[in-house]
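Asks: Model the structure of this input:
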Amino acid sequence: MHWAIILAGGAGTRFWPLSSPTRPKQLLPLAGTSSSAEATVARLEGLIPRERILVVTGPALAEPLRAHLELPPANLLVEPRAASTGPALAWGTQEAHRRDPDATVLALHADWHIPDPAPFRAAAAAALALADAGEFLVTVGVTPSRVETGYGYLIPGEPVADTGFRVHRFVEKPDAETAASLLAEGALWNSGLFAWRARTLLAEIDRHTPEVAPWLPRLAANDPEGFFRQVTPVSIDVGLLERSPAVVGIRGHFAWDDIGNWEALSRVRPHDPAGNVTVGPVAAIDAGDCIIWSDGIPIVASGVRDLVIVAANGRLLVLARERAADLKQTLDQLPPAIRNLPA
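Replies: Numbers count the residues shown, from 1 in each chain. Now for the predicted structure:
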């Protein structure tokens, strides 16, 4: 049977002060009226039933997600500590395998924006079919729409099994010049949408991921506490996909955005005639190309351009749009009394 593993961790820093450790971006209605976590589960409708959707998250998000998503309580897997995507997907896959020894798994994240679910479901179904057909770890590449330095890329190689291709190489978060040359080379964004037979993923981790492999028996013994106590944090990309010869890719023909920071709202929300994106009680007067969000306090922006202005959780953020990707560095310089949001 087909299963899904949704990764729903996060510290809540990239959309401060709206986001917080207990309400990170996947629980926020950043792209519309519903949260990206809700949209992620809804996107799987007709492909994988809710009783076979597992969500891996951290302790701070367990209760908010239980209230937020209509899933069986036992399908929420709470990590004892954050250890990146490699251990998280190993645990989720082992749990699917424990419940269904013949499980094939679709792995995805809870914080993507995908405006049209139909082509996404088509790509996910194709990835699952390829995983069903052989001992493959399948990754889905998306055609880039711009030069982007915040995403990973993959270079397609020779064809495999009619619908797939060997991945010639991965490139993680290149600089702008390298990203432009990758686009000219025909590279795809590495979307983070994966599919594999559960037993294939666990066998490949055992062969190629020493950061995780020695402690897989803990998971097989249903001891996630022991597993996470010993395992070395590593991403699934670095720890396995860049090492395993079993990796193949397919092309996904769907619009995809991981909404990485405040700047991304300019891509996923409508603009006024001056290019402003506004949410909440906002008046933009002779202002242009601003992103302005208020959770209740009226904001008047007059005669300004290219700013991010956010009033939320008792804090006001004014940020040059060009520095949106550097918000974490800004937060690191704040005293705790300002950075830490009220409970």
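Asks: Could you say which helix or strand holds residue 180?
Replies: helix 176-184 (DSSP states H and E).
Asks: which secondary structure elements does that helix contact?
Replies: When contacts are defined as 3 or more Cβ pairs under 8 Å, 6 or more residues apart in numbering; DSSP states H and E, helix 176-184 packs onto strand 152-160. C-beta: built from backbone N, CA, C; applies to glycine.
Asks: Doesn't residue 80 belong to a strand?
Replies: No. Read with DSSP: H, G, I helix; E, B strand; the rest coil, residue 80 is coil and lies in no strand.
Asks: Count residues in the vicinity of it, would you?
Replies: Residue 80 sits with 13 neighbouring residues when counted by other Cβ atoms under 10 Å.
Asks: ok, back up a step: and the next helix or strand past the helix holding residue 180?
Replies: Later in the chain than helix 176-184, the nearest helix or strand by DSSP H and E is strand 188-197.
Asks: Contacts made by the helix or strand following that following strand with the rest, please.
Replies: Per DSSP H and E, the first helix or strand lying C-terminal to strand 188-197 is helix 198-208. Contact with helix 198-208 is made by 3, 86, 89-90, 93-94, 96-97, 100-101, 103-105, 131, 135-137, 196, 212-213, 216, 239-240, 243-244, 246, as judged by Cβ atoms under 8 Å, 6 or more residues apart in numbering.
Asks: sorry, back to before: what comes up buried for the helix holding residue 180?
Replies: Buried residues in helix 176-184, counted by 16 or more other Cβ atoms under 10 Å: 179, 182-183.
Asks: try stretch 117-136
Replies: Neighbour counts over stretch 117-136 (16+ other Cβ under 10 Å) mark 117, 120-121, 123-131, 136 as buried.
Asks: Just the buried residues of the contacts of helix 198-208.
Replies: Applying 16+ other Cβ under 10 Å to the contacts of helix 198-208, the neighbour count classes 3, 86, 89-90, 93-94, 96-97, 103-105, 131, 136-137, 196, 212-213, 216, 239-240, 243-244, 246 as buried.
Asks: Which ones among these lie within helices?
Replies: 86, 89-90, 93-94, 96-97, 131, 216 (DSSP state H).
Asks: Dump the residues you listed into a markdown table; add distance to residue 336 as well.
Replies: Formatted as a markdown table, those follow (distance: Cβ to Cβ, whole Å):
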| residue | distance to residue 336 |
| --- | --- |
| 86 | 31 |
| 89 | 33 |
| 90 | 34 |
| 93 | 38 |
| 94 | 38 |
| 96 | 40 |
| 97 | 42 |
| 131 | 46 |
| 216 | 39 |
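Asks: Looking at these, which one is closest to residue 280?
Replies: residue 89 (36.5 Å; Cβ to Cβ).
Asks: so the closest one makes contact with residue 236?
Replies: Yes. In this structure, residue 89 is within contact of residue 236 by Cβ atoms under 8 Å, at 5.2 Å.
Asks: shared neighbours of those two, anything?
Replies: Listed as contacting both residue 89 and residue 236 by Cβ under 8 Å, 6+ apart are 107, 194.
Asks: And residue 300, how far from residue 318?
Replies: Taking Cβ to Cβ, to the nearest Å as the measure, residue 300 falls 13 Å from residue 318.
Asks: contacting residues for residue 211?
Replies: Contacts of residue 211 by Cβ under 8 Å, 6+ apart are 86, 231-234, 239.
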